[in-house]
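1. sequence isn't available, so here's the structure alone:
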């Protein structure tokens, strides 16, 4: 049974058109992460929630925002996607800072 | 900024060969994890090492945590095509996980 679910698996959006990616978890983990991964590179942390505390990485563009309305759900909002934002977006959860469980990812294409 | 450097970055070998992947940092981590990621999927946890000098085995995979808890290695014996993937180490940094630079392994039949 999937424990970290990302929707959709594939998302195509137009240049500049806002897009939202979603992540839900059934593990009741207090930490949720969003990573960006480009072609065969390692995942790059965009931001994470530790409980309700939002932590933005210093080099995450302002174009990327996140919401966590409750423990189970977390959203990634890209306000004005550019061609360079095309990537796989990975959501992960963990209990405090221990092993991370990843979703299958959302592959974003910007046209 | 804590960095986890992995080497080699790419590795292509024949089935049956042995290999070692290294994960190095100048920082101390209280634990370190190894993940494998296949194309189009999220990373999957292989193992967590916690104690300096710890060695863990998972079938043909052997993981070691450095005595100083700054580095780790993954050794695969008799590699199989099914071992192909992106191998990532990750260390905990107070309130988040830091991933290594990754090693892409290709095992040819």
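-> Looks like it arrived, so ask away. Computed from a prediction, not measured in an experiment: that's the story for all the values here.

2. which bits of chain B sit near chain A?
-> B:31, B:33, B:35, B:40-45, B:48, B:86, B:88, B:90, B:92-102, B:104 (C-beta under 8 Å from any C-beta of the partner chain). Just so you know, the C-beta spots here come from the backbone N, C-alpha and C atoms, and that holds for glycine as well.

3. mind redoing it with 10 Å?
-> Chain B comes close to chain A at residues B:1, B:4, B:6, B:9-10, B:30-31, B:33, B:35, B:37, B:39-48, B:50, B:86, B:88-104, as judged by C-beta under 10 Å from any C-beta of the partner chain.

4. please produce a PyMOL select command covering the buried subset of the residues you listed.
-> Here is the PyMOL selection string for the buried members of the residues of chain B next to chain A, based on 16 or more other C-beta atoms under 10 Å in any protein chain shown:
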select buried, chain B and resi 4+6+31+33+35+37+41+42+43+45+46+47+48+86+88+89+90+91+92+93+96+97+98+99+100+102+103+104
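
5. of the residues of chain B next to chain A, which belong to strands?
-> Cross-referencing the residues of chain B next to chain A against strands under DSSP state E gives B:6, B:10, B:33, B:35, B:37, B:44-48, B:86, B:88-93, B:96-99, B:103-104.

6. neighbouring strands for the helix or strand of chain B with the lowest mean pLDDT, and are they parallel or not?
-> Least confident helix or strand, chain B: strand B:96-99 with a mean of 84, by mean pLDDT, DSSP states H and E. Using DSSP bridges, strand B:96-99 pairs in its sheet with strand B:85-93 (antiparallel).

7. next, count neighbours for the residue nearest to residue B:15 when sequence neighbours are not counted.
-> The shortest distance from residue B:15 to any residue other than its chain neighbours is 5.3 Å, reached at residue B:109 (C-beta to C-beta, 6 or more residues apart in numbering or on different chains). Other residues within reach of residue B:109, judged by other C-beta atoms under 10 Å in any protein chain shown, total 7.

8. check residue A:71 too.
-> Other residues lying near residue A:71 total 16 when counted by other C-beta under 10 Å.

9. residue of chain B closest to chain A, please.
-> residue B:42 (3.1 Å; C-beta to the nearest C-beta).
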